[in-house]
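>>> Requesting a structural model of the entry that follows:
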Amino acid sequence: MYANPLRILYPSEDSIADLQQEILQHPITTNHILFPPSPSGPPLNFTEGPLRPNYVVFTFTLFFTFVGVLGNFVVIITFSSTPKLRNQTGLCMINLAIADFIIGVFYLCVSLPCSLHGDCLIISSHPICLGAVIISYTSYGAGFCSLAVVSLNRAFLISRPLQYKSIFTKKRILAILIGIWMFSLSITLGFTLSKPHTIKFDAAYYNCGLAADDKDAWPYSYIINILGFLIPVAIATACS
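All right, here's what the predicted structure looks like:
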């Protein structure tokens, strides 16, 4: 049986009332317009209301946030305020501390209300969840790459002390560190903005991240782990 085309062009009052009721029950928000859900995955508002508070996750997150933020803040202030430490190695250490400090402030802190109260902005707002992932993953890659630069810097200082100052000048170190941040940011922005549906709230850890079960997220996972973790760690290990 085929639908009557006149009913489609000229719907009845009952059909209009049913449509209005459907819109009221399932409103379209700006999240759906800016970040449409994946055709094969669950909708982006991936939690139905607040979660249960998890005080174990809250305690561990609070501890690592406190240690990370306070410890790296002390490193930044110490190296920045001591003239003898503002050398090539000191610049790398400051950059590494800044990356860890950013992760503690903008990534771990936003999950604290989630685990304490069971509700927070990153649960209900996908743009905020996406922003937290962009900031943290960029800092994650920049931090490990900075660790590799520190190892290379120390290796050249020990093995080639006469050529060290001509190779690792302060301007070159600054250019390398800025390039690391730009490279990490470009990779993270390029992927997350082109495939925003792969960024989801993880109810197990009360934070946002790549959906492990989404195949669209696998290429970025490989790239960030190889370029932002495995290669820097291999360089740091070889130079140690």
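
>>> When you work out contacts or count neighbours from here on, use the C-alpha atoms and nothing else.
Noted.

>>> residue closest to the middle of the protein?
When Cα atoms, centre = their mean is applied to the chain, the residue found nearest the centroid is Val133 (2.4 Å).

>>> Helix or strand: which one has that one?
In the assignment (DSSP states H and E), Val133 maps to helix 126-159.

>>> How far away from the center of its chain is the helix or strand following that helix?
The C-terminal neighbour of helix 126-159 among helices and strands, as given by DSSP H and E, is helix 161-167. Put simply, helix 161-167 sits 36 Å off its chain's centre (Cα atoms, centre = their mean, to the nearest Å).

>>> can you give me the strands for the chain?
For the chain, the strands defined by DSSP state E occupy 199-202, 207-210.

>>> Looking at those strands, spot the one closest to Thr65.
Proximity to Thr65 (Cα to Cα) singles out strand 207-210 among the strands of the chain, at 13.5 Å.

>>> circling back: isn't the residue nearest to the centre of the chain up against Asp202?
No. The pair Val133 / Asp202 is not scored as a contact, 11.9 Å apart, by Cα atoms under 8 Å.

>>> quick one: common contacting residues for those two?
Jointly contacting Val133 and Asp202 under the rule Cα atoms under 8 Å, 6 or more residues apart in numbering are Cys208, Gly209.

>>> Show the pLDDT at Ile28.
On pLDDT, Ile28 comes in at 45.

>>> Then Asn95?
Asn95 is given a pLDDT of 93.

>>> Without its sequence neighbours, what residue ends up closest to it?
Ser146 (6.8 Å; Cα to Cα, 6 or more residues apart in numbering).

>>> okay, the closest residue to Trp218 other than its chain neighbours: pLDDT?
Excluding the flanking residues, the one nearest Trp218 by Cα to Cα, 6+ apart is Ala212, at 7.6 Å. Ala212 is assigned 76 on the pLDDT scale.

>>> Could you pull up the contacting residues of Asn153?
Gln88, Thr89, Phe168.

>>> again, only using 7 Å
By Cα atoms under 7 Å, 6 or more residues apart in numbering, the contact list for Asn153 reads Thr89.

>>> Could you report the distance from it to Asn87?
Asn153 is 11 Å from Asn87, where distance means Cα to Cα, to the nearest Å.

>>> what's the burial count for the residue nearest to Arg52 when sequence neighbours are not counted?
With sequence-adjacent residues excluded and distances taken as Cα to Cα, 6+ apart, Arg52 is closest to Gly118, at 4.9 Å. If you count neighbours by other Cα atoms under 10 Å, Gly118 ends up with 19.

>>> And Cys114, by the same measure?
Residues within reach of Cys114, counting by other Cα under 10 Å, total 25.

>>> Let me know the distance separating the closest residue to it other than its chain neighbours from Leu227.
With Cα to Cα, 6+ apart as the criterion, Cys114 has its nearest non-adjacent residue at 5.0 Å, and that residue is Cys120. According to Cα to Cα, Cys120 and Leu227 sit 32 Å apart.

>>> ok, these two, which is more surrounded?
Comparing Cys120 with Leu227 by other Cα under 10 Å, the one with more neighbours is Cys120, at 19 against 15.

>>> from what I can see that one touches Leu112, true?
No. Judged on Cα atoms under 7 Å, Cys120 makes no contact with Leu112 at a distance of 8.5 Å.
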